[in-house]
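A.B. asks: Build me a model:
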Amino acid sequence: MMHTGVRILIGVVAGVMLLGGLVFILGGGSPGVGIELVVLGGAGILAVTLERGRYRSEHAERTAAPAGPGGGETDGALEARFQRTGEAFVDPTTGRRMRVWLDPGTGERRYRAEG
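C.D. replies: Reported below is the predicted structural model:
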């Protein structure tokens with residue numbers, strides 16, 4: 001999870017790399033260097049575009065549900081198909097301990113704040 005300012009900085013640097021690589025290739029420079037800049041710049045743009053801002057389940061992302069405590073899902077009851085796992089972590093933005101719940105049939109994961 002990246003801070004917004006860091007995302008913007010990475011996006012700008014990646015964009016400059018991508019454009020610079022294209023100019024380098026089209027301007028008659030070494031194609032190897034130009035291709036490397038295009039690939040790295042494109043990867044940076046994809047990273048800031050696709051990176052999530054918080055730990056959210058696929059269900060929460062699809063339904064645009066509001067973030068609950070710790071950035072996970074709200075405190076409502078989970079469906080019976082979800083089982084508590086031994087996996088837990090501390091959300092770095094809120095400091096809340098998060099528990100992972102898993103649907104063994106589909107592999108879907110849900111994140112819930114503990115305590």
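A.B. asks: Please identify which helix or strand holds residue 100.
C.D. replies: Here residue 100 sits within strand 97-102, counting by DSSP states H and E.
A.B. asks: what's the following helix or strand after that strand?
C.D. replies: Downstream of strand 97-102 (by DSSP H and E), the next one is strand 109-113.
A.B. asks: and that next one, what's its mean pLDDT?
C.D. replies: If you average the pLDDT over strand 109-113, you get 85.
A.B. asks: packing partners for the strand holding residue 100?
C.D. replies: Where contact means 3 or more CB pairs under 8 Å, 6 or more residues apart in numbering; DSSP states H and E, strand 97-102 is packed against strand 83-90, strand 109-113. C-betas here are computed from N, CA, C, even on glycine.
A.B. asks: Buried residues, it. List them.
C.D. replies: Residues 98-102 are the ones in strand 97-102 that count as buried (16 or more other CB atoms under 10 Å).
A.B. asks: what lines up beside that strand in the sheet?
C.D. replies: strand 83-90 (antiparallel), strand 109-113 (antiparallel) (DSSP bridges).
A.B. asks: hmm, back to that, nearest to residue 80, of the buried residues of strand 97-102?
C.D. replies: Closest to residue 80 out of these is residue 101 (11.2 Å), distances taken as CB to CB.
A.B. asks: Return the set of residues that bridge with the closest one.
C.D. replies: Counting by DSSP bridges, residue 101 is bridged to residue 84, residue 110.
A.B. asks: ok, it - contacts?
C.D. replies: Counting by CB atoms under 8 Å, 6 or more residues apart in numbering, residue 101 makes contact with 78, 82-85, 109-112.
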